[in-house]
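Trainee: got a structure for you, letters missing:
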Ligand code: F0G
């Protein structure tokens, strides 16, 4: 479904404002590119790009924006029903751009009492991005990236993926009538995610290699004029995903939480949230930034390692940050969504975390698994990568970075049905991970199901069922 974004209801002053540009994030370079230029990295210095929406922010009236956004909650206009396009005044698209949507966004902000207690917090809210149309947070970015692919007249949209980006790109490309080609590390994607991409009609290329190999190939393909890259290196993806910060703040009645905690893989999500919060601050719709913390799985944590060795006194406000980051050669985690050793958006994410006063830390496989089960006990199902948030919060509370009475929002990135095998193994006590040692005789590491919930075999009688209930009460 392609619709027109007509009449973004901007005032004449807003309409005449300067256009946003794509800008290199390296302050020493700062090269600018037009919105119609198909660039993914700065052609002058090789740096990462972001969309500079300063002109949109400068020309917006914050009070009017807030009122307009609130009024849209009652509207049936497809642009208003989408939790991304509802914020179109701050998106870098022409009013006449065709938009490709699946009514993404509008995800719940749950309170999670058991998870809070587990972390040592008085209260905790979880924003469940797994409630998006394809079951992950990728949809809020993909609606923008695929719209841009249509604007540019691309023939094929491509991505490397650990599964969720692929499913999302496949779905949005199907809506747009665009070919989608996805590069997946063979044998390392959950069957549910793979099934989604197949169902949405994408060309699925299973690559002998890991995610980082797929990403390298994507960057090589980027100079072919028929191809459009939809990974989060693409700054339009980030633009869609930044709206999650807007929606979260509306749901928090504009009271900024002390901490926002997200999982870290390729680092698009953390980058996007930070950009959203910064724009709200620039607009004075919020009066401070939440501390943004990113949690990585122990076996796939290049940025957490780098962060651990940073001298933060020298890096205040995101200045003097390292130019390079040693990758993890063979990333290892059962949270396959974040099994990434060389994240492309690490610089943007690191800068954002440092500026906000947050942390980047690791959690173990056991910590991820138990946190996932606790989130489940709150009646909220997420995939393993998402549970790094709660596992990470528990550690950050124990370390004194988060106080028990701080307000905390965790972002859950994917739905529980993205990886049901993991859940089943955990509860049956059969979850394990290869040791990662080169020596194939090394024993796999067993992950104990501390909150195991094994199905019971019960005789087909009323008495047997009642007896079983009584025993488990
Ligand atoms: N959680 C889930 C469920 C994910 O699928 C991903 C990334 C992340 C967290 C990490 O987010 O990359 O923005 O830091 N998945 C990508 C994919 C890599 O291909 O689906 P990030």
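Mentor: Everything's here; your move. Note that the coordinates shown come from a computational prediction; the quantities given were computed from them, not determined experimentally.

Trainee: Can you report how many residues lie near residue 207?
Mentor: By other C-beta atoms under 10 Å, the residues close to residue 207 number 16. Just so you know, the C-beta spots here come from the backbone N, C-alpha and C atoms, and that holds for glycine as well.

Trainee: Correct me if wrong: it contacts residue 186.
Mentor: Yes. Applying C-beta atoms under 8 Å, one finds residue 207 in contact with residue 186, separated by 6.1 Å.

Trainee: confidence score at residue 316?
Mentor: Looking at residue 316, its pLDDT is 73.

Trainee: swap that for residue 10, please
Mentor: In this prediction, residue 10 carries a pLDDT score of 51.

Trainee: Enumerate the residues of the stretch 1-150 of the chain near the ligand.
Mentor: Residues of the stretch 1-150 of the chain lying near the ligand by C-beta under 6 Å from any ligand atom: residue 136.

Trainee: Mind doing that once more with 8 Å?
Mentor: Residues of the stretch 1-150 of the chain found near the ligand (C-beta under 8 Å from any ligand atom) are 130, 136-138.

Trainee: Show me what stretch 114-121 is in contact with.
Mentor: 122-124, 126, 371, 374-375, 377-378, 380, 390, 393-394, 397-398, 402, 404, 406, 408, 410 (C-beta atoms under 8 Å, 6 or more residues apart in numbering).

Trainee: That stretch: how far from the chain's middle?
Mentor: 23 Å (C-alpha atoms, centre = their mean, to the nearest Å).

Trainee: for that stretch, what is the average pLDDT?
Mentor: Mean per-residue pLDDT for stretch 114-121: 98.

Trainee: Can you give me the buried ones in it?
Mentor: Within stretch 114-121, the residues scored as buried using 16 or more other C-beta atoms under 10 Å are 114-116, 118-119, 121.

Trainee: Can you tell me which of the residues you listed is closest to residue 48?
Mentor: Set against residue 48, the nearest of these by C-beta to C-beta is residue 119 (32.6 Å).

Trainee: neighbours around the nearest residue to residue 233 once chain neighbours are set aside, how many?
Mentor: Distance criterion C-beta to C-beta, 6 or more residues apart in numbering; nearest residue to residue 233, sequence neighbours excluded, is residue 344 at 4.7 Å. By other C-beta under 10 Å, the residues close to residue 344 number 23.

Trainee: Can you give me every residue that contacts residue 344?
Mentor: Counting by C-beta under 8 Å, 6+ apart, residue 344 has contacts 48, 215, 231-233, 266-267.

Trainee: So which of these wins on neighbours?
Mentor: Using other C-beta under 10 Å as the neighbour test, these are led by residue 267, with 28 neighbours.

Trainee: just to revisit the earlier point, so how far is residue 214 from the residue nearest to residue 233?
Mentor: 11 Å (C-beta to C-beta, to the nearest Å).

Trainee: what's the farthest-apart pair in the buried residues of stretch 114-121?
Mentor: The distance between the two most remote of those (C-beta to C-beta) is 11.0 Å, for 114 and 121.

Trainee: Need the single longest helix in this structure, by residues.
Mentor: helix 235-251 (DSSP state H).

Trainee: Can you list the helices and strands that that one packs against?
Mentor: Secondary-structure packing of helix 235-251 (3 or more C-beta pairs under 8 Å, 6 or more residues apart in numbering; DSSP states H and E): strand 49-52, helix 62-71, strand 125-128, helix 138-152, helix 268-282.

Trainee: Deepest-packed of these, please.
Mentor: With neighbours defined as mean count of other C-beta atoms under 10 Å, the helices and strands packed on helix 235-251 peak in mean count at helix 138-152, which reaches a mean of 28.

Trainee: rounded to a whole number, what's the mean pLDDT of that helix?
Mentor: For helix 138-152, mean pLDDT is 97.

Trainee: That helix: how far from the chain's middle?
Mentor: On C-alpha atoms, centre = their mean, the centre of helix 138-152 falls 15 Å from that of its chain.

Trainee: Could you tell me the angle between it and helix 235-251?
Mentor: With axes from the mean of the first three to the mean of the last three C-alpha atoms, to 10 degrees defining the directions, helix 138-152 sits at 140 degrees from helix 235-251.

Trainee: Show me what secondary structure element comes after helix 138-152.
Mentor: strand 156-160 (DSSP states H and E).

Trainee: distance of whichever residue of the stretch 1-150 of the chain sits closest to the ligand from residue 425?
Mentor: Scanning the stretch 1-150 of the chain for the residue nearest the ligand gives residue 136, at 5.3 Å (criterion: C-beta to the nearest ligand atom). Distance, residue 136 to residue 425, using C-beta to C-beta: 21 Å.

Trainee: These two: who's more crowded?
Mentor: residue 136 (28 against 17).

Trainee: does residue 45 really touch residue 24, like I thought?
Mentor: Yes. The pair residue 45 and residue 24 passes the contact test of C-beta under 8 Å, sitting 6.2 Å apart.

Trainee: Please enumerate the shared neighbours of the two.
Mentor: residue 31.

Trainee: Which residue of those two possesses the greater neighbour count?
Mentor: A count of neighbours by other C-beta under 10 Å puts residue 24 above the other of residue 45 and residue 24, at 23 against 12.

Trainee: Chain neighbours aside, what residue packs nearest to the more buried one?
Mentor: residue 42 (3.8 Å).

Trainee: State the phi and psi torsions of that neighbour.
Mentor: As for residue 42, its main-chain torsions (degrees, to the nearest 10) stand at phi -60, psi 120.

Trainee: Okay, it and residue 424: tell me how far apart.
Mentor: With C-beta to C-beta as the criterion, residue 42 and residue 424 are 46 Å apart.

Trainee: and the two? which has more neighbours close in?
Mentor: residue 42 (20 against 12).

Trainee: residues making contact with stretch 361-372?
Mentor: By C-beta under 8 Å, 6+ apart, stretch 361-372 touches 115, 118, 293, 295-299, 301, 304, 307, 333-335, 382-384, 386-392, 394-396, 422-423, 426, 431, 433, 445, 447-451.

Trainee: what sits against the residue nearest to residue 24?
Mentor: 24, 26, 29, 31, 48-49.

Trainee: Repeat the analysis, applying 7 Å as the threshold.
Mentor: By C-beta atoms under 7 Å, 6 or more residues apart in numbering, the contact set of residue 42 is 24, 29, 31, 49.

Trainee: Which strand or helix spans residue 184?
Mentor: strand 179-185.

Trainee: What's the first helix or strand after that strand?
Mentor: helix 191-199.

Trainee: What lies in contact with that next one?
Mentor: 134, 163-164, 166-167, 170, 182, 204, 417-420.

Trainee: Quick check: ChimeraX command selecting the buried ones in the residues you listed.
Mentor: A single ChimeraX command selects the buried members of the contacts of helix 191-199 (16+ other C-beta under 10 Å):
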select :134,163,164,166,167,170,182,204,418,419
